[in-house]
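[1] Give me a model of this one.
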Amino acid sequence: MVAPGPGQGTIAPMTPPESMRLDKWLWCARFYKTRSLAVEEIGKGRVTVNGANAKAARELRVGDTVALRQGPTARTVVVRALSAMRGPAPVAQQLYAETPESLAARAQAAEQRRLAPEPAASLHDGRPTKRDRRDIERVQRDWGSRWSASIDD
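    Model (predicted):
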């Protein structure tokens, strides 16, 4: 039997880091599907840390407040823990706590979306039918002989 070499053998439990990159934390906390999406959103100015615009490499610590947008949804969260790796959603939700103001704003936005009228309901007519097209062509043909829209011709 061969003895384990350096870096092999028993697996030591990982201790959470003291600080980590913002883009990596957003990915680990499952706010964005990939780190490159997190970097892109940070670059667009949609993520702030403690009220200031941040860069992807900014070091994030426990207790920092992160404000971010996910599509139409705005969220404000407080960092509760840091993780060295991305885990399942229930574990990722333990990395942050959403502020009560953010929860209230999201609930209000959801209620407004629920009560908003259906956009398609305002469309009365779709594509013209064959009869509609013939009526349109008849009107255009009648107007084609007139060079003026005045009534006194």
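[2] Mind listing what's buried along the helix or strand harbouring Ala110?
    Element membership of Ala110, judged by DSSP states H and E, is helix 100-115. Within helix 100-115, the residues scored as buried using 16 or more other Cβ atoms under 10 Å are Ser102. C-betas here are computed from N, CA, C, even on glycine.
[3] Quick one: mean pLDDT over it.
    Mean per-residue pLDDT for helix 100-115: 92.
[4] With just CA atoms, put that helix into PDB.
    What follows is helix 100-115, C-alpha atoms only, in PDB (Å, rounded to 0.1, in the frame of the first residue of the first chain):
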ATOM      1  CA  PRO A 100     -37.700  44.000   5.400                       C
ATOM      2  CA  GLU A 101     -37.900  47.000   3.100                       C
ATOM      3  CA  SER A 102     -36.800  44.900   0.200                       C
ATOM      4  CA  LEU A 103     -39.300  42.200   1.000                       C
ATOM      5  CA  ALA A 104     -42.100  44.800   1.200                       C
ATOM      6  CA  ALA A 105     -41.100  46.400  -2.100                       C
ATOM      7  CA  ARG A 106     -41.000  43.100  -3.900                       C
ATOM      8  CA  ALA A 107     -44.400  42.100  -2.500                       C
ATOM      9  CA  GLN A 108     -45.800  45.500  -3.600                       C
ATOM     10  CA  ALA A 109     -44.300  45.100  -7.100                       C
ATOM     11  CA  ALA A 110     -45.700  41.600  -7.300                       C
ATOM     12  CA  GLU A 111     -49.200  42.800  -6.300                       C
ATOM     13  CA  GLN A 112     -49.000  45.600  -8.900                       C
ATOM     14  CA  ARG A 113     -48.100  43.100 -11.600                       C
ATOM     15  CA  ARG A 114     -51.000  40.900 -10.600                       C
ATOM     16  CA  LEU A 115     -53.500  43.800 -10.700                       C
END
